[in-house]
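Chemist: Mind looking at a prediction? Sequence and model below.
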Amino acid sequence: MRFFFLLWLLLSANAFANSNYFAPFVIGGAAATAVVGTQTAVYRALVQNELKNWSRPETGTTVRLENQCGVEAEFHLAGNNRDNYLLLGIANRTPNAIGIKTREIKFIYDNKRDRFPGFKSEMSDSKIAAGWWQVTWIPFPSKDEFKKVDQINVEVPIWDEATKETCLIKTSFERTNHIEIEDHSYSAVEFLIDGGAPIGQYGDIEELGKPHGIVAFEFNFYLRPNHGLGFVFSNENDFDGSNNQKIINEFDERRNYSAAISFFGIQYIYRHFFTQNVYLTYAPSLGVQFIEDSKENDRNNRESSTDFAFSEKLMLNWRFYQFQAANYEMMDFFTGIGIVHHWAPTPEVNGQDLSGNRLNAVVRLGFGF
């Protein structure tokens with residue numbers, strides 16, 4: 001729930017930023033010391049989703065408070081599965097209106113490399129009237145760069161509308177090295193379709209014949225980069241080469257039958273990244289297997305089997321394209337190749353044992369966000 005709440009918060013904050021309207025996520029704006037009302041839960045959610053490997057040991061948060069250029073500024077580092085963000089709050093304590101040069105905010109990595117915000121749409125400068133404040137999210141250009149950075153200096157340029165003078169608000173973040181956190185950008189929800197052909201059958205299942213192919217659908221979600229859960233449905237059909245006369249007679253009196261094996265299961269997914277776009281997944285699952293005739297003459301005499309089964313899938317995946325959706329959400333498109341293994345220990349049709357193992361080679365197409 002915390003992940004989806006933060007996702008909603010980030011999307012909302014970006015929308016506010018584009019319209020130059022900023023919601024009071026932190027009551028009192030910059031350097032706030034008291035949080036009241038419904039904003040308490042929001043502020044706590046922000047702290048819980050901060051980048052813990054950048055937190056100060058003495059405070060347990062990433063907060064940095066600065067009083068510079070006549071303004072008070074509050075900085076946090078937070079992130080979701082796609083991006084890391086600078087939470088920037090500024091309270092204008094000057095007698096004049098000020099402006100924030102949002103596009104010119106600078107991140108200096110390890111005192112060596114300058115980077116600018118990774119806004120996914122055109123961003124304009126914002127203004128704060130005297131005595132007012134605002135809070136907004138500033139996206140870092142790449143979440144993956146954080147794995148190689150130990151210090152980030154932040155420079156926020158502001159200007160005084162009356163004097164036209166520009167001033168820099170500065171702060172610094174240091175990584176806490178003893179806290180290990182995965183920093184990969186990754187899709188958190190995925191929809192997949194796999195299709196392929198059989199490469200082997202072992203055991204009594206050979207009596208049913210050889211299927212023409214397999215098609216499978218998956219819905220997966222990840223709360224961590226490497227670990228996820230999902231649902232899988234697969235279907236293998238046209239077992240038209242039976243070696244067992246009893247199965248033919250039971251499925252179809254004309255001996256021209258077409259059987260189907262369906263599987264529905266719940267799976268665990270382990271995902272290992274080789275690069276940001278190439279990764280391996282292994283997904284074991286437990287579920288129910290159904291064997292039935294798909295072209296039966298007399299459906300009143302239908303014979304079928306319902307049994308527990310085990311499945312596992314090993315896939316090499318490649319993310320080949322990213323699409324920027326209208327609500328600032330990134331969408332991945334990926335493909336892959338792999339092997340699917342099914343094992344059913346107890347299926348039986350018309351007294352014939354159909355236990356055994358089935359192997360299929362598959363190709364994949366899917367998208368995630």
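Modeler: Now that the structure is in, tell me what you want to look at.
Chemist: rest of the way, CA atoms for contacts and neighbours
Modeler: OK.
Chemist: dump the residue contacts of Lys127.
Modeler: Ala97, Ile98, Gly99, Ile100 (C-alpha atoms under 8 Å, 6 or more residues apart in numbering).
Chemist: Look up which helix or strand it falls in, please.
Modeler: Element membership for Lys127, per DSSP states H and E: strand 126-128.
Chemist: Can you name the next helix or strand after that strand?
Modeler: Criterion used, DSSP H and E; the element after strand 126-128 is strand 133-139.
Chemist: which strands and helices sit next to that following strand?
Modeler: Applying 3 or more C-alpha pairs under 8 Å, 6 or more residues apart in numbering; DSSP states H and E, one finds that strand 133-139 contacts helix 2-18, strand 84-92.
Chemist: which of the ones you listed has the lowest average pLDDT?
Modeler: When mean pLDDT is averaged over each of the helices and strands packed on strand 133-139, helix 2-18 scores lowest at a mean of 41.
Chemist: was I right about Phe119 contacting Ser142?
Modeler: No. Counting by C-alpha atoms under 8 Å, Phe119 stays clear of Ser142, with 10.5 Å between them.
Chemist: would you list every one of the helices in the stretch 151-300 of the chain?
Modeler: 245-251 (DSSP state H, counting those that start in this stretch).
Chemist: lowest average confidence, helix or strand, in the chain?
Modeler: helix 2-18 (a mean of 41; mean pLDDT, DSSP states H and E).
Chemist: Got the confidence number for the residue nearest in space to the middle of the chain?
Modeler: Centroid-nearest residue in the chain, with C-alpha atoms, centre = their mean: Ala188, separated by 1.5 Å. Predicted confidence (pLDDT) for Ala188: 88.
Chemist: Torsion angles phi and psi at it?
Modeler: phi -100, psi -20 (degrees, to the nearest 10).
Chemist: Now do the residue nearest to Tyr279 when sequence neighbours are not counted against Leu280, distance only.
Modeler: Distance criterion C-alpha to C-alpha, 6 or more residues apart in numbering; nearest residue to Tyr279, sequence neighbours excluded, is Phe273 at 4.2 Å. Using C-alpha to C-alpha, to the nearest Å, one obtains 6 Å as the distance from Phe273 to Leu280.
Chemist: cool, and Ala260?
Modeler: Taking C-alpha to C-alpha, one finds Ala260 at 29 Å from Leu280.
Chemist: Looking at those two, which is more packed in?
Modeler: Ala260 (20 against 17; other C-alpha atoms under 10 Å).
Chemist: Which secondary structure element is home to Leu316?
Modeler: strand 305-324.
Chemist: Low-confidence bits of the stretch 201-350 of the chain, can you list those?
Modeler: 240-258, 294-303, 324-329 (pLDDT under 70).
Chemist: go with 80
Modeler: Where the stretch 201-350 of the chain drops to pLDDT under 80, the residues are 209, 238-259, 292-304, 323-330, 349-350.
Chemist: quick one, strands of it?
Modeler: For the stretch 201-350 of the chain, the strands defined by DSSP state E, counting those that start in this stretch cover 213-224, 227-237, 259-273, 278-293, 305-324, 330-344, 348-349.
Chemist: which of these is buried the deepest?
Modeler: With neighbours taken as mean count of other C-alpha atoms under 10 Å, the strands of the stretch 201-350 of the chain reach their highest mean count in strand 259-273, at a mean of 20.
Chemist: Now do that strand: everything it contacts.
Modeler: Contacts of strand 259-273 (C-alpha under 8 Å, 6+ apart): 225-240, 251, 279-295, 309.
Chemist: could you redo the last one with a cut-off of 7 Å?
Modeler: Under the contact criterion C-alpha atoms under 7 Å, 6 or more residues apart in numbering, strand 259-273 has outside partners 226-239, 279-294.
Chemist: Next: stretch 75-83.
Modeler: 7, 49-51, 62-65, 84-89, 139-140, 142-143, 185-186, 188.
Chemist: what about that stretch, start to end distance?
Modeler: Stretch 75-83 end-to-end distance (C-alpha to C-alpha) = 16 Å.
Chemist: I'd say Gly89 and Glu72 touch.
Modeler: No. Using C-alpha atoms under 7 Å, Gly89 is not in contact with Glu72, being 8.2 Å away.
Chemist: So which of these two has more stuff around it?
Modeler: Gly89 (24 against 21).
Chemist: And Val149, how far from Lys170?
Modeler: From Val149 to Lys170 the distance is 18 Å (C-alpha to C-alpha).
Chemist: For these two, work out which one has more neighbours and name it.
Modeler: Neighbour totals were compared for Val149 and Lys170, and Lys170 leads with 16 against 13 (other C-alpha under 10 Å).
Chemist: what's near enough to touch the more buried one?
Modeler: Contacts of Lys170 (C-alpha under 7 Å, 6+ apart): Val154, Glu155, Val156.
Chemist: Just grab the bridge partners of the second one for me.
Modeler: So the one you mean is Glu155. Using DSSP bridges, the beta-bridge partners of Glu155 come out as Lys106, Lys170.
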